[in-house]
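Trainee: based on what follows, work out the 3D shape:
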Amino acid sequence: MNIRAELSYIQPTKGPAFYFIHQIPEGESPSNVEGDRRVASIEDARAFSPPASLDREGAQLIPFAGIPLNENDPDSIERDFYPKVEELVRAQIGASRVHAFDHNLRSSDKDKTVDTDVQSPVWLVHNDYTETSAPQRVRDLLPEEADSLMTKRFVVINFWKPIHAPVHEAPLAICDAQTLRKEDCIETELRYPDRTGQIYSFSYSERHRWFYFPEMTPDEALLLKCFDSAEGPSGFTAHTAVRDPNTRPGTLPRQSIEVRTLAFLD
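Mentor: As a prediction, the model looks like this:
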């Protein structure tokens, strides 16, 4: 079912856009970003023919029934769940090597949980990496091999899936990568107390085509391309949580896990 929902873009800024995360230095503003909210049509990607793919739209829905054995234990997720995600990504894109390195648990009911390891959905149109921060991530994680690994094609893929129940509230919407342009991308610094990360935020364009997969179940997973060193139609995606206007009162909150991976192809 197609829906209409509000999307949180930002206005272009003079100099780098930034948000302070966790701690705002004295005398500083939390951000220099001015929001730009737009209502857009979001298409039901389950009706796409051919189906959405990583190398065209930048996202792909696949069957995957696995969930973490113990979602409250980060070490267990890394030890038991990361290898399953790595194998899935390897099989889907034909990678010679996949390295899962980070994960987030999210709940649309975050305000009612005391679990500090669970985060809220991200309501900003964004992409997790930029042309600068993606290669830097390889250098940070695999410093001794980075130069050799990056002589070949490498891709940053986010694995995302619901856990426990189908998603009715706060589904993930994706902008068709074929409709994005360089001028839409806004480099955005995430300024933590001990480091600075960089993502892309996006300015609005009428050409953007949005889609989602309604009522994703724990037997499904979504792969999102967040960077590709090879030139092509889907170098990265823009994505965001959205508020589905058809969500009924009393619906179970969205609970999801995302795992970030580096994939290397020969």
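Trainee: buried ones in the longest helix seen in the chain?
Mentor: For the chain, the longest helix by residue count, based on DSSP state H, is helix 82-93. Residues of helix 82-93 classed as buried by neighbour count (16 or more other C-beta atoms under 10 Å): 82, 84, 85, 86, 88, 89, 90, 92, 93. Where C-beta positions appear, they are placed from N, C-alpha and C, glycine not excepted.
Trainee: which other helices and strands contact that helix?
Mentor: Where contact means 3 or more C-beta pairs under 8 Å, 6 or more residues apart in numbering; DSSP states H and E, helix 82-93 is packed against strand 59-63, strand 97-107, strand 153-162, strand 220-228, strand 255-265.
Trainee: low-confidence regions, the stretch 101-250 of the chain specifically.
Mentor: 110-116 (pLDDT under 70).
Trainee: residue 218: how many residues sit nearby?
Mentor: Residue 218 is flanked by 18 other residues according to other C-beta atoms under 10 Å.
Trainee: check contacts around it.
Mentor: 65, 67, 161, 162, 163, 164, 165, 166 (C-beta atoms under 8 Å, 6 or more residues apart in numbering).
Trainee: if you set the cut-off to 10 Å instead, what comes out?
Mentor: Going by C-beta atoms under 10 Å, 6 or more residues apart in numbering, residue 218 touches 64-67, 161-167, 255-256.
Trainee: surely residue 120 and residue 106 touch.
Mentor: Yes - applying C-beta atoms under 10 Å, one finds residue 120 in contact with residue 106, separated by 6.5 Å.
Trainee: more neighbours: which of the two?
Mentor: Using other C-beta under 10 Å as the criterion, residue 120 and residue 106 rank with residue 106 on top: 21 against 14.
Trainee: partner residues bridging the more buried one?
Mentor: residue 119, residue 256 (DSSP bridges).
Trainee: look up how far residue 171 lies from it.
Mentor: Separation of residue 106 from residue 171 (C-beta to C-beta, to the nearest Å): 12 Å.
Trainee: list residues touching both of those two?
Mentor: Contacts common to residue 106 and residue 171, judged by C-beta under 10 Å, 6+ apart, are 121, 241, 254, 256.
Trainee: what's the neighbour count on the last one?
Mentor: A count of nearby residues for residue 256, using other C-beta under 10 Å, gives 23.
Trainee: my guess is it meets residue 120, correct?
Mentor: No - in this structure, residue 256 is not within contact of residue 120 by C-beta under 10 Å, at 11.2 Å.
Trainee: and for those two, which residues touch both?
Mentor: Contacts common to residue 256 and residue 120, judged by C-beta under 10 Å, 6+ apart, are 106, 107, 108, 170, 241.
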